[in-house]
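**Student:** Build me a structure from this.
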Amino acid sequence: MLKQGLIIKGAPPAVGPYCHAVKAGQFLFISGQGPFNRDGSGVVQGTFSEQVEYAMENLRIILNGCGCDFSDVVKITVFLTDMSLFSEFNQIYSKYFNKDYPSRSCVQVSQLPAGIPVEIEAIAMCKD
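**Tutor:** Numbers count the residues shown, from 1 in each chain. The predicted structure follows:
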């Protein structure tokens, strides 16, 4: 099985030594995405909902750049710094998936890089 690290044009630059995604066979493993500006200028300011939306759009850019979309996602892991925002997170998240939802885990963490409130990683199964 081939393993290929991918850097996706238009996605926010990595804030460490990692790829946006790694493709291994039909599987695509996407690194955690947060509300980072795509021009590399740091964290997007705004409400929690706006930051979740931005993180999901960053995830979409990477999926699309790899020839996939949200319907190909089989697993999501969500990291929140405040679990009291779980319901608000779900309102935004649910806009990105049809009723055939991927499996998901959501955990509260004490801190995320650059003080962001949410980070989302995904595993997708690509069609090709």
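
**Student:** so where is the chain shaky, pLDDT-wise?
**Tutor:** Scanning the chain for pLDDT under 70 picks out nothing.

**Student:** now with 90?
**Tutor:** In the predicted model, the chain carries pLDDT under 90 at residues 1-2, 14-16, 98-100, 127-128.

**Student:** How many neighbouring residues does Val15 have?
**Tutor:** Val15 sits with 14 neighbouring residues when counted by other Cβ atoms under 10 Å. Glycine gets a C-beta too; all of them are placed from N, C-alpha and C.

**Student:** no, scratch that, I was asking about Gly32
**Tutor:** 19.

**Student:** Same question for the one 10 residues further on.
**Tutor:** Counted by other Cβ under 10 Å, the residues lying close to Gly42 total 13.

**Student:** Test my guess that it contacts Pro113.
**Tutor:** No. With contact defined as Cβ atoms under 8 Å, Gly42 does not reach Pro113; the gap is 10.9 Å.

**Student:** Longest helix in the protein, please.
**Tutor:** Longest helix of the chain, by residue count under DSSP state H: helix 48-65.

**Student:** buried residues in it?
**Tutor:** Buried residues in helix 48-65, counted by 16 or more other Cβ atoms under 10 Å: 48, 51-63, 65.

**Student:** May I have that helix as CSV, with CA atoms only?
**Tutor:** The C-alpha trace of helix 48-65 is given here as CSV (Å, rounded to 0.1, in the frame of the first residue of the first chain):
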residue,chain,number,x,y,z
PHE,A,48,-17.4,30.1,18.3
SER,A,49,-19.9,29.2,15.5
GLU,A,50,-17.9,31.3,13.0
GLN,A,51,-14.7,29.5,14.0
VAL,A,52,-16.4,26.1,13.7
GLU,A,53,-17.6,27.1,10.2
TYR,A,54,-14.1,28.1,9.2
ALA,A,55,-12.6,24.9,10.5
MET,A,56,-15.2,22.9,8.6
GLU,A,57,-14.5,24.9,5.4
ASN,A,58,-10.8,24.2,5.8
LEU,A,59,-11.6,20.6,6.0
ARG,A,60,-13.7,20.9,2.9
ILE,A,61,-10.8,22.5,1.0
ILE,A,62,-8.5,19.6,1.9
LEU,A,63,-11.2,17.0,1.0
ASN,A,64,-11.9,18.6,-2.3
GLY,A,65,-8.2,19.0,-3.0
